[in-house]
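> Model the following, please.
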Amino acid sequence: MAERKARSFSEDAQQGEAQEQPQEDAQQPLQYPEQTPAQYQQQPAQYQAQPPQYSQQPVPAQYPQVSPYSQPANYPQAQAQYAPAPNKTPSGIPGFDELTEGGYEIGSINLVAGPTGCGKTTFIMQFLNNGAVQYNEPGVLISFEEPKDGIYAHMLRFGWDFAALEQQGLFAIITYKPHEVKKLIDEGGGFIWDAINSIGAKRLVVDSLSSYSMLFESPYTAREAEIEFFELLRKWGCTTVLSGAAEKNRISVGVDYLADSIVMMHNPRRKNARLRAIEVLKMSGANHSQKLCPFEFVDNEGLHVYPAEDVFYEIKEGGRMQVDQG
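Purely as a prediction, here's the structure:
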């Protein structure tokens, strides 16, 4: 009731002011400024609204417009940004090389770690495919997990034909069964060195270091074998990327201190979906980004990283993209 009275009083006051205003105006003579009519002439051009300026550059609608790297890698402006630095081995993964000042150091050993299903295998296979296709750098894959036929079939989803690259001499694969792993160390990796020499490999990928470590009887023998394996990798001189398991941001392998760089991939659950994020924990010889960046998988292209954006996740039912602030 008090609120209604207050509003009524305000309305009465406004009506009273409206009634008194004509009387006050009648008592006072009108005052005109001493200015010529020309000063009141408005120039139409000064009052015309300027149309907003929009970029004429087309952007594919199927990619979220979150950064320049959401465009496909075959765009000319994207290719220019991935030009390799003199001392770098570029990954060619859209957005990732921006985090690392151009990619991995030539001849370095690098670890990509994360939980199961986060995309480690896709990352390392994209590194090999891009090396062969974009930079004419042959690569070798050492697999302790998946057989050759399975790898070839699964990578076709992204348009990566490793069977064709193998025929062209740009790719070689070596698979080890559990009982063969000890022979790798005993022989000093001679079979791998032969494969590297035969195609002139510049890139080497190991999938995965965790599986390799699990094939030994005790943690002590596994650690010794890991150290010997790293010594072989240094000797071969390729730019090497190894995948490794990590749970709750803790890397399961114990030789991460031997790696020149560590990239962590994340896929924690958020409501009814999973976040996808990537970060560079360390990288020798580079002023790398400290940011946790979102990434996604794109059919017929592979993994895309978005350095300029916050972590986002997809609501599967509606296909909407949401930004995670927590």
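> can you give me the helices for this protein?
Along the chain, the segments classed as helices by DSSP state H run 2-27, 44-47, 76-81, 96-99, 120-135, 148-155, 162-167, 181-186, 190-199, 209-214, 219-236.
> contacting residues around the fourth one?
With contacts defined as Cβ atoms under 8 Å, 6 or more residues apart in numbering, helix 96-99 is touched by 69, 81-82, 88, 90-91, 103, 278, 280, 288-289, 291, 293, 303, 305, 307. Just so you know, the C-beta spots here come from the backbone N, C-alpha and C atoms, and that holds for glycine as well.
> Select only the buried ones of those in ChimeraX?
To isolate the buried members of those in ChimeraX, using 16 or more other Cβ atoms under 10 Å:
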select :69,82,88,90,91,103,278,280,288,289,293,303,305,307
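> Out of the contacts of helix 96-99, list just those in strands.
Judged by DSSP state E, strands contain the following of these: Lys88, Ile278, Val280, Cys293, Leu303, Val305.
> wait, which of the residues you listed is closest to Ala153?
For the ones in strands among the contacts of helix 96-99, the minimum distance to Ala153 (Cβ to Cβ) is 18.6 Å, reached by Leu303.
> Contacts only, for the closest one.
Residues near Leu303 by Cβ under 8 Å, 6+ apart: Ile93, Pro94, Phe96, Gly119, Thr122, Phe123, Gln126, Phe295, Glu296, Phe297.
> ok, and the most crowded of those?
Among the contacts of Leu303, Pro94 has the most neighbours (other Cβ atoms under 10 Å), with 29 neighbours.
> pretty sure that one is touching Val305, no?
Yes: under the criterion of Cβ atoms under 8 Å, Pro94 makes contact with Val305 at 6.5 Å.
> Adjacent strands (with direction) for the longest strand seen in the chain?
Longest strand in the chain by number of residues (criterion: DSSP E): strand 239-247. Looking at strand 239-247 with DSSP bridges, its partner strands are strand 109-114 (parallel), strand 203-207 (parallel), strand 250-251 (antiparallel).
> could I get those as TSV with mean pLDDT?
As requested, the strands paired with strand 239-247 are exported to TSV (pLDDT from 0 to 100):
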stretch	mean pLDDT
strand 109-114	95
strand 203-207	96
strand 250-251	70
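> how about those strands, which one is nearest Lys271?
Proximity to Lys271 (Cβ to Cβ) singles out strand 109-114 among the strands paired with strand 239-247, at 20.5 Å.
> could you give the angle of that closest one to helix 120-135?
Interaxial angle of strand 109-114 relative to helix 120-135 (axes from the mean of the first three to the mean of the last three Cα atoms, to 10 degrees): 140 degrees.
> Under the pLDDT cut-off, which ranges of the protein? List them.
Along the chain, the model assigns pLDDT under 70 to residues 1-85, 249-250, 252-254, 312-326.
> again, only this time at 90
Within the chain, the ranges that satisfy pLDDT under 90 run 1-86, 116-117, 144-146, 176-191, 208-227, 244-257, 267-275, 284-286, 299, 310-326.
> So Leu128 is in contact with Ile142, correct?
No: in this structure, Leu128 is not within contact of Ile142 by Cβ under 8 Å, at 11.2 Å.
> Sort out which residues of stretch 101-119 are buried, please.
101-105, 107-115, 118-119.
> Ile142: what's it in contact with?
Taking Cβ under 8 Å, 6+ apart, one finds Ile174, Thr175, Tyr176, Ile192, Leu204, Val205, Val206, Asp207 in contact with Ile142.
> So which of the contacts of helix 96-99 is the closest to Glu187?
Using Cβ to Cβ, Ser91 comes nearest to Glu187 of the contacts of helix 96-99, at 30.5 Å.
> measure the closest one to Leu170 for me?
Relative to Leu170, Ser91 is positioned 16 Å away (Cβ to Cβ, to the nearest Å).
> Leu99 too?
Leu99 sits 26 Å away from Leu170, going by Cβ to Cβ.
> Same check on Lys183?
For Lys183, the distance to Leu170 - Cβ to Cβ - is 27 Å.
> between those two, which one's more packed in?
The neighbour comparison of Lys183 against Leu170 (other Cβ under 10 Å) goes to Leu170, with 21 against 12.
> didn't the more buried one look like it was pressed against Ala132?
Yes: in terms of Cβ under 8 Å, Leu170 counts as a neighbour of Ala132; the distance is 3.9 Å.
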